[in-house]
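Chemist: Sequence below, structure please.
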Amino acid sequence: MTEQQAEKIYDLFIVGGGINGCGIARDAAGRGLSVALAEMNDLASATSSASTKLFHGGLRYLEYFEFRLVQEALKERENLLVAMPHISWPMRFVLPYHPDMRFEGETPTSKLLNFTMPWTKGQRPAWLIRLGLFLYDNMGGRKILPGTQTIDLKSNPVGDPLKSKFEHAYEYSDCWVEDSRLVVLNARDAQRLGAKIMTRTKVIDATSKNGIWTITTKDQLTGKEQTYKSKLLVNAGGPWVEHIIKDLAHIKTNEGVRLVRGSHIVTKKLFDHDKAYFFQGEDGRIIFAIPYEQDFTLIGTTDQDHEDVSTKPECSEEEQEYLCKFASQYFEKNITRDDIVWTYSGVRPLYDDHASSSTAATREYVLKLNETGQAPALNIFGGKITTYRRLAESAIAKFAHFFPTMSDEWTERAPLPGGDFKHDQFESLVSDLHSDLPFLEHQTAHRLVRAYGTDAKEMFTGISTEKDLGTHFGHGIYAPELDWVIANEWVMTAEDYLWRRTKMGLRVSDSQKAQIQEYIIGKLNSQRA
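Modeler: Residues are numbered from 1 along each chain as shown. You can find the predicted model right below:
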């Protein structure tokens, strides 16, 4: 039986709890619209937790002449640093140069250079890289981040892990972001502003009639079905966007999605400094090698077409070998699959522009408002995590005419939960938390502020002794943190906490994971009793 919610009609019903869905929910709720959002699994359970963890302009997109996308992303980097200084921070990238570097053959820049300067034979000349970095420094109104400089790898410590043939490099700025935490914080803020956020809630049908959508959902835990009504349907289903269009909402359109898999490997720590590397391959592709969670190195990403949304994306043995071999062309140490401690993959739901390769497919987000049915629907294709806030503004601009009393844009530099401090005050927050809770290891205090910002202090309200912390699950994970994420961040399983609210899954043992799972289930059961 389907239970009908009271006759409330929402302004928006959003399908999908990734960064696009949660970003739109937050923005719209803050403008006075009534919003409901349904996510069939956990928040950020698909593409939005499987990125390369960067707020970046997309330096390589300049080769595809994607200037608008790059400029928008560059402008957003500093907006986001201000709004979320706990989960995002500046990072310097080292781009070693060697004449062996090549373009990916299908890029517009490669084709232009091969036509005008055929003697380059597909090379990325040093002058062209420097021109690209000049544009990268100046297209986005950079104020906080330092600009590009040239470094001597023979004398600079960042050259120590690299092969001796790399003598010079360019160093430029981009930013790190905790991607899945970004999603959760947007959802939290949306809920604070009045949005209804439902996880483990699958949309099984959406029907439009007389200007209203009737959406049927199914609770993935209990099997209970419920219906909601809404004036507008927002399809932020990510990889499932086309399935929602055709099979759930029954919208007739020629718009399609191109699924592109990006895989990453995490290895034991390969270098001791806090800078990242941007590596260019002889095949024209690029990868990053990034310091990760203090003790590891993150390497990625690949670009492979992914045929079936129902097939879980996984980093194949071939992709693992490719990334190891690619990185080994730069690092003095030969990297093998034995060095890998974890892999992950995500599927990018790109707009199908019929490009010749997955690498060449547009990274521009595409918003399609469909008004052919009896009620309007907005379908969202693509998007970069860096430009999620601008995508939300653009999405709302698409349907603003339906809501003439809606208030204006407001999210630029508006802090996310826990981010209400200046971007250069992070270390003082860590010191304050450690001073309040001296029995916590400094590394734990640092991790907590990185994850929760100013909320880390609230998490431990009323705790004055180590005994007050209750159960210790290992690696600085205590009961008050789990209580917090259960109460405030939709955590229902150990997996939610260990891999999406944190990355403590890299550290805990199987027995510790089982203990955390038992605690979370027990807590949830006691709340339901």
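Chemist: My assumption is that A25 lies in a strand; please confirm.
Modeler: No. When classified by DSSP: H, G, I helix; E, B strand; the rest coil, A25 is found to be helix rather than part of a strand.
Chemist: Would you map the strands across the stretch 151-300 of the chain?
Modeler: Using DSSP state E, counting those that start in this stretch, the strands of the stretch 151-300 of the chain run over 168-177, 196-198, 201-209, 212-219, 225-235, 257-268, 276-280, 286-292, 296-300.
Chemist: From F13, how far out is the closest residue to T217 other than its chain neighbours?
Modeler: Among residues not flanking T217 along the chain, T201 sits closest, at 5.0 Å (CB to CB, 6 or more residues apart in numbering). Any C-beta I mention is one placed from the backbone N, CA and C, and that applies to glycine too. Using CB to CB, to the nearest Å, we find T201 at a distance of 11 Å from F13.
Chemist: which neighbours do these two share?
Modeler: Residues within reach of T201 and of F13 at once, by CB atoms under 8 Å, 6 or more residues apart in numbering, are A38.
Chemist: and these two? which has more neighbours close in?
Modeler: Taking other CB atoms under 10 Å, T201 and F13 do not tie; F13 has more neighbours (27 against 22).
Chemist: Now that one: which helix or strand?
Modeler: Using DSSP states H and E, F13 falls within strand 2-15.
Chemist: Could you list the buried residues of stretch 332-346?
Modeler: Residues I335, D339, I340, W342, T343, Y344, S345, G346 are the ones in stretch 332-346 that count as buried (16 or more other CB atoms under 10 Å).
Chemist: And for stretch 429-444?
Modeler: Going by neighbour count (16+ other CB under 10 Å), the buried part of stretch 429-444 is L429, V430, D432, L433, H434, L437, L440, T444.
Chemist: for stretch 514-529, same thing?
Modeler: Buried, per 16+ other CB under 10 Å, within stretch 514-529: Q515, I516, Y519, I520, K523.
Chemist: The residues you listed into a markdown table, with extra columns for secondary structure and distance to D219?
Modeler: Below are the buried residues of stretch 514-529 laid out as a markdown table (DSSP: H, G, I helix; E, B strand; the rest coil; distance: CB to CB, whole Å):
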| residue | secondary structure | distance to D219 |
| --- | --- | --- |
| Q515 | helix | 27 |
| I516 | helix | 24 |
| Y519 | helix | 23 |
| I520 | helix | 18 |
| K523 | helix | 19 |
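Chemist: For W484, give me its contacts.
Modeler: By CB under 8 Å, 6+ apart, the residues touching W484 are Y452, D455, M459.
Chemist: who wins for neighbours among those residues?
Modeler: Y452 (27 neighbours).
Chemist: neighbours of the nearest residue in space to that residue that is not next to it in sequence, just the number please.
Modeler: Among residues not flanking Y452 along the chain, G418 sits closest, at 5.0 Å (CB to CB, 6+ apart). Here the count is done by other CB under 10 Å, and G418 has 24 residues near it.
Chemist: Identify the residues contacting G418.
Modeler: Applying CB under 8 Å, 6+ apart, the residues near G418 are H86, L185, Y452, G453, T454, D455, A456.
Chemist: Could you confirm it falls within a helix?
Modeler: No. According to three-state DSSP, G418 belongs to no helix; its state is coil.
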